[in-house]
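Chemist: Pasting the sequence and the predicted model now:
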Amino acid sequence: MVAQINKTEIKANQTGSQQISAGKAKSTEPKPKTPTLVTPIQGQVQVFIAPHRNLYADIIAQGLRVAGQGMKVLLVQLFQTGINQGLSNPRRLVQNLEWLRCEAQRDLSQENIELTDAELSAVLELWHYAKASISEATADLVIIDEANLLIARSLVTEDELLQVLKTRSPKVNIILTGASMPSSISDYADQITHRRN
């Protein structure tokens, strides 16, 4: 009698487990993915404002540190010039840091000079290169020195510069320097550093 009860319970258990596994077999539809709580890290926009025109040592140090970690850095000095420089002759401080200066024979950052057509073309050539690097993420960090002069000299509108920042590749970090910066650019930046001297 006991043996018969055990056999009956075993058969009942087997039937129940077969029904459960049959129910599982029917639900082979993929479950909808739940949204992830982790969001990708967005690149930062930093603005450095200082009355003097020297490129700051800590910005160079930051560029070297990023390049030393194996990431690509583009440093563009739009109005600083050098002999045999320009887009065709970049300087490299380390393997991953490309440093571009404008190809011209005089200092273009002086307030009281008017740019020649060749100088204007050289500045805009660097600007378009930097802009493409920002949108296409060919560099992880893009440093644009004296970006304020682009707007002050009416080479680029404030809205265009802001649009470049807003539509940048999410993984690109940007540093803008200048003696001043339009409020719309400063307001958009993640970090602003004002230097007194």
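Modeler: Sure, I can see it.
Chemist: so residue 124 sits right up against residue 150, yeah?
Modeler: No: applying CB atoms under 8 Å as the test, residue 124 and residue 150 come out as separate, 9.1 Å apart. C-beta here means a position set from N, CA and C on the backbone, and glycine is covered the same way.
Chemist: Please say which of the two ends up with more neighbours.
Modeler: Remark: of residue 124 and residue 150, residue 150 carries more neighbours, 22 against 17, as counted by other CB atoms under 10 Å.
Chemist: Mind telling me what element the nearest residue to residue 167 once chain neighbours are set aside is part of?
Modeler: Distances taken as CB to CB, 6 or more residues apart in numbering put residue 135 closest to residue 167, at 6.5 Å, once the chain neighbours are dropped. Remark: residue 135 resides in helix 117-136, with elements defined by DSSP states H and E.
Chemist: What lies in contact with that helix?
Modeler: 74, 76, 78-79, 86-87, 100, 102-104, 108, 115, 138-139, 142, 144, 150, 155-156, 164, 167-169, 172, 174 (CB atoms under 8 Å, 6 or more residues apart in numbering).
Chemist: for the protein, what's the longest strand?
Modeler: With secondary structure taken from DSSP state E, the chain has its longest strand at strand 73-81.
Chemist: Tell me if residue 186 really is in a helix.
Modeler: Yes: counting by DSSP: H, G, I helix; E, B strand; the rest coil, one finds residue 186 located in a helix.
Chemist: Tell me how far it lies from residue 84.
Modeler: Going from residue 186 to residue 84 by CB to CB, to the nearest Å gives 35 Å.
Chemist: neighbour-wise, which of these two wins?
Modeler: residue 186 (15 against 8).
Chemist: Am I right that the more buried one is in contact with residue 47?
Modeler: Yes: between residue 186 and residue 47 there is a contact at 5.6 Å, judged by CB under 8 Å.
Chemist: Overlap in contacts, these two.
Modeler: residue 192.
Chemist: Distance check, the residue nearest to residue 167 against residue 187.
Modeler: To residue 187, residue 135 is 21 Å away according to CB to CB.
Chemist: quick revisit: report all helices and strands that the longest strand of the chain contacts.
Modeler: helix 57-68, strand 97-102, helix 117-136, strand 141-145, helix 148-152 (3 or more CB pairs under 8 Å, 6 or more residues apart in numbering; DSSP states H and E).
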